[in-house]
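Asker: below: sequence and its predicted model.
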Amino acid sequence: MELLKPNIILGSQSPRRRELMAGLDIPFSCVTIDADESYPAELKAGDIPMYISRAKARTYMSELQDNDLLITSDTIVWLNGEMLGKPQDEVEAKAMLARLSGQTHEVYTAVCFADKNGELETWVDCTKVTFRDLIEREIDYYLANYRPLDKAGAYGVQEWIGYVGVTRMEGSYFNVMGFPISRVYETLRQLKALN
C-alpha cells in the first residue's frame, strides 16, 4: 500500500525518540500510547521489542484516520541471555550498571509502521556495546546526576556514562539511544511517506 503524504504520528513519550524524529525535518505529531508491555516468556533478544512495538501499534490503531502513518518503537538491553528493561528504582539501576561493567551487551530496538488497516512493516536493529570496567563511585555519580530510570539497561549512551564508559560500539549509535533514525528515514522513503 502506498500512502500519499501521510500524517506521520510518533507513538512515543520518549524525549530522545521525539528529538531524533524532529531531526529529520519532516512534519509529525506525537501521541502517548498506554499499551500492555508484557510479552510471552519464551521470547528472546530482538523478538521482545518486536512484540512490544507491535502491541503498541495495535493499541492505537483504531484511533488512526485514513491518511495516518503510526510509528511505534521499543528498546531493550540484552546481556548474557537476559533482558534488562527500565529499572524500577536506583537500587535496580545500580545493579544493572554493575552487571554491564566490563561486558559487551546488545541493544535491540524494534520499530513498527502501521496504518488504520494494520501493520505495514516492522524490523529490529541491533547494536553491540562494550563498557570498560566501571568503579562504584562512577556508577553512583551517574545515578545521582542523571537519574536514568526511564532508560533500558539504566543508561543513556548520550549521557556522561556513555562518554566515560563505552569503549566500543558495533552498529548504530542512534539505535542505542532508542531510535535507529537513518533506518526509520529509509523505511519512510520506501513507504512513499516523504513525497
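Answerer: Arrived safely, thanks for sending.
Asker: this structure: helices as residue ranges?
Answerer: Applying DSSP state H to the chain gives helices spanning 15-22, 47-60, 90-100, 136-146, 160-165, 173-177, 181-190.
Asker: how about the fifth one: buried residues?
Answerer: Of the residues in helix 160-165, those buried by neighbour count under the rule 16 or more other Cβ atoms under 10 Å are Ile161, Gly162, Gly165. Every C-beta, even on glycine, is put in place using the N, C-alpha and C of the backbone.
Asker: quick one: mean pLDDT for it?
Answerer: With pLDDT averaged residue by residue, helix 160-165 scores 98.
Asker: with only the CA atoms kept, save that helix in PDB.
Answerer: Below are the C-alpha coordinates for helix 160-165, written out as PDB (Å, rounded to 0.1, in the frame of the first residue of the first chain):
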ATOM      1  CA  TRP A 160      28.100  11.100  31.000                       C
ATOM      2  CA  ILE A 161      28.200   7.300  31.500                       C
ATOM      3  CA  GLY A 162      28.400   6.800  27.700                       C
ATOM      4  CA  TYR A 163      31.200   9.400  27.400                       C
ATOM      5  CA  VAL A 164      33.400   7.700  30.000                       C
ATOM      6  CA  GLY A 165      32.300   4.100  29.900                       C
END
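Asker: what helices or strands is it leaning on?
Answerer: helix 136-146 (3 or more Cβ pairs under 8 Å, 6 or more residues apart in numbering; DSSP states H and E).
Asker: quick one, longest strand in the chain?
Answerer: strand 118-131 (DSSP state E).
Asker: angle of that one against helix 181-190?
Answerer: Per axes from the mean of the first three to the mean of the last three Cα atoms, to 10 degrees, the angle that strand 118-131 makes with helix 181-190 is 160 degrees.
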